[in-house]
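1. Show me the folded form of this:
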Amino acid sequence: MDTPRPRGIVVFGGGTATNSLVDVFESLRESRNCSLSYIIPISDNGGSSSELIRVFGGPGIGDVRSRLVRLIPDSEADAGRAAIKALFNHRLSSDPLRARSEWLDIVEGRDQLWADMSSEKRELIRSIFNHVNLEIVKRARPSSVFNFAKASIGNLFLTGARVFTGSLESAVYLLSTICAIPSTVSTLPAINSNFTHHICAGLADGSHITGQNAISHPSAPTALPDTRAAADENNDNNDHVLRETEAHDRIEDATLPGSLPSLRKPYIDFSKADADDDDLPARIERIWYINPYGHEIWPLANPKVVAALQAASAVIYSVGSLYTSLVPNLILRGVGAAISNDGPASRLRKKVMILNASVDRETGPLSRPLTATDFVRAIARAGAESQGHFGHQGRDDEVRRYVTHLIYLEGEGVPAVDRDELAALGVDGIRVYGRRTDGVLQYDEAGLARALEAVMGKPEMVRSRRNTSTQ
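-> You can find the predicted model right below:
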C-alpha cells in the first residue's frame, strides 16, 4: 500500500513580521491547493493585551487578532470589508478619558467606523461590544478600573466573544466568520485556553526574566529568588519584591494574590525601537512556561495544532522574534513529536526556517549576535524540550529532524550564515535577494516565493476521475 503523502502548510510566527509575508504563503498554498495553518503564541502580555489580562485574565490575543485581520481578503469593490478591517485594527486614543469616550461612541453605534458596514454585521459586532462593556463595568472596583488608553478594538472583540462563549476557539471562529476569511486558511492559538500563560527566559548568567514583554523590552531580571538562602543574600531586593507584591494584592483584578509583580503590571506604553538598542544582561539560553507564582509548567499544545502538523507537507518557521514568537509554540507538549516524527509520511516533510533580516534584543547581545547556526540549534532545542529531553537539546545530529532548509539574505546586520556549518547539521542553506525599504533590508516577496517553491518541489497533480483508469 502506498504511503499517503502529507498535505497542508503550517507556519509558525507571531504578529507584525509574519503579517508582511502572508501573501507569499497564500500563493504557496494556492499552487498546491492545500490548507494553510498559522500557529500563533498566546503569551504576549504587553500593550493593550496587558490591560485585558489584568482585568479579565485569559490568553494574550493580540497576535491572533492581528493575523485574523491581516487575512481579510482585499476587495476594492466591497467597502464593507474595508470597514471591518478598519474597525478591528483601530486603536483608541492614548488619553484614557478620550479613549473611554471613543469606546462608548463605538459601543453605541455612533462612531464613523460603522459608516460603511452592513446593519446585520454592525449589530452582531455591537452585541459583543455591549457584552464586554458590561463585563468591564461589573469588574470596576475602587482600586481598579479598566484603562481604555490605546486599547485595540479587535482585542476587545475577541475578549468579549471569549467571555460570552467561554471558548477561545469559538471567539476566533466568530471573528474569522465575520471577516470572511477563507476556510482554506486557519489561525490556531498555540494553546486553546481561557487562562493566561506566561513565559520566562533563563539567561546565561543564571538570572531570569519573567513575562514576554519584559523579555522583548528593556527590563531588569524579574524572577523571585528560588530559595530562602538566595533571598537572604539579597535582602534589600527581596524586601522590595515583597512590598511590591503586597501593594498589588490590594488591587482587586483578575490576577491571583501573591502572583509575581512583573506579571501584574500594565505594559500599555513601551517602545519597540528602544528595545533593539538595549541589550539583555546576557544571552538567552532557554524559554519555559510559568504559573503566576513563577513555577515552571509544561502546557499541552492545542490539539488542532498537533493535527495540522501531523498532516503537513511543509513546516515553515517564519521571520519574527526567535524566543517570544517561535519558541513558545515549539516547547509545548505534542509539538516537537509532531514535527520530528520519523514515520514514512513525515520523512517527506520540508521544515524551512526563514532567517530574520536583522538581529534584535533577543538574539544579541549586539556585540555577539546569534548566527544562523545558533538559530536552527535553538529551534531543535525547543523541539527536544517539547518531548521532555532536557539533557541534549539542540544536539547536532538531531537538528535536521526540526530544520531541513534555511532561507536567508545577505547584507549588513543580517545574522551570519556559514553554509558549511549548516551542511554539517544536515541543513541546506538557500540565499535569496532582498530589497531595502527606508534603509531596512527585507525579503523580496517574489524571490522568497520562488525559493519556497524550489524547496517544496513541483505541486502534486490532483487526481480526478478523468485521469484515473479503471480495470
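
2. okay but L52 is in contact with G58, surely?
-> Yes - look at L52 against G58 with CB atoms under 8 Å: they come within range, at 7.2 Å. All C-beta spots, glycine's among them, are computed from the backbone N, C-alpha and C.

3. Tell me the confidence at Y443?
-> Y443 is assigned 95 on the pLDDT scale.

4. nearest residue to it other than its sequence neighbours?
-> G434 (5.4 Å; CB to CB, 6 or more residues apart in numbering).

5. State the phi and psi torsions of N213.
-> Main-chain torsions, N213, degrees, to the nearest 10: phi -60, psi -40.

6. And it, how far from H198?
-> Separation of N213 from H198 (CB to CB, to the nearest Å) stands at 10 Å.

7. Overlap in contacts, these two.
-> Common neighbours of N213 and H198 (criterion: CB atoms under 8 Å, 6 or more residues apart in numbering): N45.

8. related to what we said a few turns ago, show me the common contact partners of L52 and G58, please.
-> Common neighbours of L52 and G58 (CB under 8 Å, 6+ apart) are T159.

9. who's more crowded, those two?
-> The neighbour count for L52 versus G58, taken as other CB atoms under 10 Å, is higher for L52 (29 against 22).

10. separation between that one and N33?
-> L52 is 38 Å from N33, by CB to CB.

11. pull the helix or strand with minimum mean pLDDT from this structure.
-> The weakest-scoring helix or strand in the chain, judged by mean pLDDT, DSSP states H and E, is helix 228-233 (a mean of 42).

12. Where does the record place the domain boundaries for this structure?
-> 9-41+297-462, 72-181, 201-286 (automatic domain parsing).

13. Highest mean neighbour count out of those domains?
-> domain 9-41+297-462 (a mean of 19; mean count of other CB atoms under 10 Å).

14. contacting residues around I9?
-> Each residue near I9 by CB under 8 Å, 6+ apart is listed here: F25, L28, R29, R32, C34, S35, L36, S37, A312, S313, A314, I316.

15. Which residue ranges of the stretch 51-200 of the chain form helices?
-> Assigned by DSSP state H, counting those that start in this stretch, the helices in the stretch 51-200 of the chain fall at 62-70, 79-89, 96-107, 119-138, 153-165, 168-178.

16. and the first one, what's its mean pLDDT?
-> Meaning helix 62-70. Rounded mean pLDDT across helix 62-70 is 96.

17. which strands and helices sit next to that helix?
-> helix 16-19, strand 36-40, helix 79-89, helix 153-165, helix 168-178, strand 185-189 (3 or more CB pairs under 8 Å, 6 or more residues apart in numbering; DSSP states H and E).

18. The ones you listed: which one's closest to D420?
-> For these, distance to D420 was read as CB to CB. The smallest value, 28.1 Å, belongs to helix 16-19.

19. For the closest one, output the C-alpha coordinates as CSV.
-> Extracted in CSV, the C-alpha atoms of helix 16-19 (Å, rounded to 0.1, in the frame of the first residue of the first chain):
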residue,chain,number,x,y,z
THR,A,16,3.7,42.0,12.6
ALA,A,17,6.7,40.4,11.0
THR,A,18,4.9,37.3,9.6
ASN,A,19,2.0,39.5,8.5
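
20. Report the inter-axis angle for whichever helix or strand comes after it versus strand 36-40.
-> Downstream of helix 16-19, the first helix or strand assigned by DSSP states H and E is helix 22-32. Put simply, helix 22-32 runs at 150 degrees to strand 36-40, going by axes from the mean of the first three to the mean of the last three CA atoms, to 10 degrees.

21. Quick one: mean pLDDT for helix 22-32?
-> 96.

22. Next, the angle from it to helix 62-70.
-> Angle, helix 22-32 to helix 62-70, by the same axes, to 10 degrees: 60 degrees.

23. Compute the inter-axis angle for helix 22-32 and strand 185-189.
-> Using the same axes, to 10 degrees: helix 22-32 against strand 185-189 is 120 degrees.

24. Packing partners of helix 22-32?
-> Checking 3+ CB pairs under 8 Å, 6+ apart, helix 22-32 ends up next to strand 9-12, strand 36-40, helix 445-456.

25. Grab the CA positions of the last one and hand them over as PDB.
-> When you say that, I think you mean helix 445-456. C-alpha atoms of helix 445-456 as PDB (Å, rounded to 0.1, in the frame of the first residue of the first chain):
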ATOM      1  CA  GLU A 445       8.200  38.600  -1.900                       C
ATOM      2  CA  ALA A 446       8.700  37.200  -5.400                       C
ATOM      3  CA  GLY A 447      12.200  35.900  -4.600                       C
ATOM      4  CA  LEU A 448      11.100  34.300  -1.400                       C
ATOM      5  CA  ALA A 449       8.100  32.600  -3.100                       C
ATOM      6  CA  ARG A 450      10.500  31.100  -5.700                       C
ATOM      7  CA  ALA A 451      12.800  29.800  -3.000                       C
ATOM      8  CA  LEU A 452      10.000  28.200  -1.100                       C
ATOM      9  CA  GLU A 453       8.600  26.600  -4.300                       C
ATOM     10  CA  ALA A 454      12.000  25.200  -5.100                       C
ATOM     11  CA  VAL A 455      12.300  23.700  -1.600                       C
ATOM     12  CA  MET A 456       8.900  22.100  -1.800                       C
END
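
26. low pLDDT regions in the stretch 51-200 of the chain?
-> Along the stretch 51-200 of the chain, segments meeting pLDDT under 70 span 76-77.

27. now the stretch 251-400 of the chain
-> Within the stretch 251-400 of the chain, the stretches with pLDDT under 70 are 251-254, 269-277, 342-347, 366-367, 391-394.

28. what ranges do the helices span in it?
-> Remark: helices assigned in the stretch 251-400 of the chain by DSSP H, counting those that start in this stretch are 272-276, 303-310, 327-330, 335-340, 372-386.

29. got the contact list for the shortest one?
-> Helix 327-330 is touched from outside by 12, 39-41, 43, 190, 199, 212, 287, 289, 301, 305, 335-336, 339, 378-379, 382-383, 386, with contacts defined as CB under 8 Å, 6+ apart.

30. repeat for stretch 406-419
-> Applying CB under 8 Å, 6+ apart, the set of residues contacting stretch 406-419 is 352-359, 363, 369-376, 422, 427-434, 441, 443, 448, 451-452, 455.

31. Quick check: end-to-end length of it?
-> End-to-end distance of stretch 406-419: 10 Å, with CA to CA, to the nearest Å as the criterion.

32. Please name the residues that touch L448.
-> L21, V24, I354, I407, V432.

33. Likewise for G383?
-> G383 touches L330, V335, G336, I339, S340, R401, Y402, counting by CB under 8 Å, 6+ apart.

34. One more pass at 7 Å, please.
-> Contacts for G383 (CB atoms under 7 Å, 6 or more residues apart in numbering) come out as L330, G336, I339, S340, Y402.

35. Could you export the helices of the stretch 251-400 of the chain as CSV, including distance to G62?
-> As requested, the helices of the stretch 251-400 of the chain are arranged in CSV below (distance: least, CB to CB, whole Å):
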stretch, distance to G62
helix 272-276, 13
helix 303-310, 18
helix 327-330, 14
helix 335-340, 21
helix 372-386, 22
